[in-house]
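Novice: no sequence for this one, just the structure:
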DNA sequence: TAGGGGGCTTAAGTAACACTTCAAAGGAGG
DNA sequence: CCTCCTTTGAAGTGTTACTTAAGCCCCCTA
């Protein structure tokens, strides 16, 4: 394998016409350059330069090799330029994960701003349930992912590097004509007599209800198990019961319901950005995280 | 400037999917490969590989750099192939010098055989007078040159590296009807009474005549000064006088003259192949010299 | 004809660096 | 749970890309 540095020296000697000139250009001693060229020649097994009384003149082999060197150096310059493009975020790609409730509210804002700021970065988003997100993080299908947790099932910071994006409060959904619909804030303790609509499949919001009800001293009576928050809101709107939901999940409010704050009487979930500890992050990922946190800071009030 | 070896390692890791595999291919320890890759990454300032639980996955930058590396390696392979072509004499060029009398007789045989043997080598021949040939040798306009000398003006072997090609005897040119025309050989001593035709411009053959006549005990009478050997032969053919000439100069014999050997009564000139001592010679030059000496060995009898 | 200078090369030394070995850590899989 | 596989870090070593110093060759000048 030919050594690039030596090739570059050869090229400069060919172009400048003397070892001394090439040595000056590289801030080497002429001796060093001479030695390198000699090595190159013995390596190749052919003379590359004719020692003239004044300077050097390339042989056929020298000319050919110098020409190839020019192309090789051009290629290397192109490689470096491409890398600079990637580093400068004029190029690159990024795959991230999210869970559905954020994918329908907060994340589109982030994506929109990110795309405006870094139009050249290719952005892929995968929306999945919590367990799948964790798996995709682990096997590298996504470089980073939005996750969430409650205070009773905190994600282990040893598993992933975590950055808190914002706190997503739990809100109360009541029908427009419900006795509490006009209230700004209620306490869980006021809701002991209500019928509840929850999400099925052991959805985490069920546990939120159980825990906050239990803290308020009652056991909730379940009237309906919904498949998603749209269905839950619909049921609430016809007066079948009331429901709890993360604030971000009901940004797209059903017209027949009202959203009421629960203050600190219900636990809030933490929305996190997670990536693997051992994963070095590309510039595009750093940029996306910055945009995401910025958007969180700017819009977080909307979700409280 | 990126280091090729490291780039190659990166490429192999990208292609083989793990450091261990790349290390095995290069017969390195995995640790060494790991260190080189890390250096490459810090040098570039970007991550190139994602450390997965099983093996490595390239980042955008890694992919781009690996692709460039492929092209660079291809280019280097092409360079090496070209060098091999030159070394194998499937390519190359060669410039040599000659003096006119050989250019009209011996050299064409050499060129013809060389071209048949190495059709891919570009061959340039420059024909000049002795002094110009020496100058062209010195300043590199020709890589090697045919030269000649007599025993009284030997070329200094310190000036050039010399190889004797053959001895070029001095022959006698007489008219077809001359009294000596049928003789196989004569001695200079038999020619004291003759009129002589010589070449003008202090041509070396004049000194040959002076010296051999003086050695034979007479002073030659000059009847005509010719410009070249064709003119000299023409003058001889009409009986204006007789002449001396190197044997090779009269290979193209005038129909009206006879060539008679002088045995050792006239000095012969040495035909030499010369090149600069300090000049490393390309494969094509070595090949040409070999052909030239071979042709000399095969045809030398013709010039005696 | 000696003296000076430019250009290249050799010899010897030095400092960087590409590797090694050894050891440890983290996961994957039996 | 233990073992294997892969990667990484620390420390050590041999190579090598350079340096300086000296010499050679050629040319130019006084």
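Specialist: Noted; the coordinates are in hand. All of these numbers come straight from a predicted model, not from anything done at the bench. Numbers count the residues shown, from 1 in each chain, chains lettered A, B, ... in the order given.
Novice: next, the angle from the longest helix seen in chain A to helix B:60-87.
Specialist: Longest helix in chain A, counting residues (DSSP state H): helix A:60-87. Here helix A:60-87 runs at an angle of 170 degrees relative to helix B:60-87 (axes from the mean of the first three to the mean of the last three C-alpha atoms, to 10 degrees).
Novice: does helix A:60-87 come close to DNA strand D?
Specialist: No - figure legend: helix A:60-87 not in contact with DNA strand D (C-beta under 7 Å from any atom of the strand); closest approach 15.0 Å. (C-beta placed from N, C-alpha, C; glycine too.)
Novice: over that helix, what's the mean pLDDT, rounded is fine.
Specialist: Averaged over helix A:60-87, pLDDT sits at 91.
Novice: strands of chain A, start to end?
Specialist: A:49-51, A:56-58, A:93-98, A:122-127, A:144-149, A:161-168, A:170-175, A:195-199, A:221-226, A:242-246, A:257-261, A:269-275 (DSSP state E).
Novice: would JSON lines of those strands with distance to DNA strand C and mean neighbour count be doable?
Specialist: As requested, the strands of chain A are exported to JSON lines (distance: least, C-beta to the nearest atom of the strand, whole Å; neighbours: other C-beta atoms under 10 Å in any protein chain shown):
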{"stretch": "strand A:49-51", "distance to DNA strand C": "5", "mean neighbour count": "19"}
{"stretch": "strand A:56-58", "distance to DNA strand C": "5", "mean neighbour count": "20"}
{"stretch": "strand A:93-98", "distance to DNA strand C": "18", "mean neighbour count": "22"}
{"stretch": "strand A:122-127", "distance to DNA strand C": "19", "mean neighbour count": "15"}
{"stretch": "strand A:144-149", "distance to DNA strand C": "17", "mean neighbour count": "22"}
{"stretch": "strand A:161-168", "distance to DNA strand C": "12", "mean neighbour count": "18"}
{"stretch": "strand A:170-175", "distance to DNA strand C": "32", "mean neighbour count": "24"}
{"stretch": "strand A:195-199", "distance to DNA strand C": "31", "mean neighbour count": "21"}
{"stretch": "strand A:221-226", "distance to DNA strand C": "35", "mean neighbour count": "16"}
{"stretch": "strand A:242-246", "distance to DNA strand C": "30", "mean neighbour count": "25"}
{"stretch": "strand A:257-261", "distance to DNA strand C": "40", "mean neighbour count": "19"}
{"stretch": "strand A:269-275", "distance to DNA strand C": "13", "mean neighbour count": "21"}
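Novice: can you flag the weakest of those by average pLDDT?
Specialist: With a mean of 83, strand A:49-51 has the lowest mean pLDDT of these.
Novice: that one packs against which elements?
Specialist: Judged by 3 or more C-beta pairs under 8 Å, 6 or more residues apart in numbering or on different chains; DSSP states H and E, the packing partners of strand A:49-51 are helix A:4-16, strand A:56-58.
Novice: can you pull the residues of the stretch 1-150 of chain A lying near DNA strand C?
Specialist: Within the stretch 1-150 of chain A, the positions lying close to DNA strand C (C-beta under 7 Å from any atom of the strand) are A:18-20, A:30-31, A:34-35, A:37-38, A:51, A:54-56, A:138.
Novice: residues of the stretch 1-150 of chain A that sit close to DNA strand D?
Specialist: Taking C-beta under 7 Å from any atom of the strand, the part of the stretch 1-150 of chain A that reaches DNA strand D is made up of A:3, A:5, A:27-29, A:31-32, A:35-36, A:39, A:53-54.
Novice: buried ones only from those residues, please, as a PyMOL command.
Specialist: The PyMOL command for the buried members of those (criterion: 16 or more other C-beta atoms under 10 Å in any protein chain shown) is given here:
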select buried, chain A and resi 28+36
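Novice: how about the residues of the stretch 1-150 of chain A next to DNA strand D in JSON lines, adding distance to residue A:183 and pLDDT?
Specialist: As requested, these are arranged in JSON lines below (distance: C-beta to C-beta, whole Å; pLDDT from 0 to 100):
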{"residue": "A:3", "distance to residue A:183": "78", "pLDDT": "91"}
{"residue": "A:5", "distance to residue A:183": "76", "pLDDT": "93"}
{"residue": "A:27", "distance to residue A:183": "78", "pLDDT": "91"}
{"residue": "A:28", "distance to residue A:183": "81", "pLDDT": "93"}
{"residue": "A:29", "distance to residue A:183": "86", "pLDDT": "90"}
{"residue": "A:31", "distance to residue A:183": "89", "pLDDT": "92"}
{"residue": "A:32", "distance to residue A:183": "84", "pLDDT": "93"}
{"residue": "A:35", "distance to residue A:183": "88", "pLDDT": "93"}
{"residue": "A:36", "distance to residue A:183": "84", "pLDDT": "94"}
{"residue": "A:39", "distance to residue A:183": "86", "pLDDT": "92"}
{"residue": "A:53", "distance to residue A:183": "102", "pLDDT": "69"}
{"residue": "A:54", "distance to residue A:183": "98", "pLDDT": "70"}
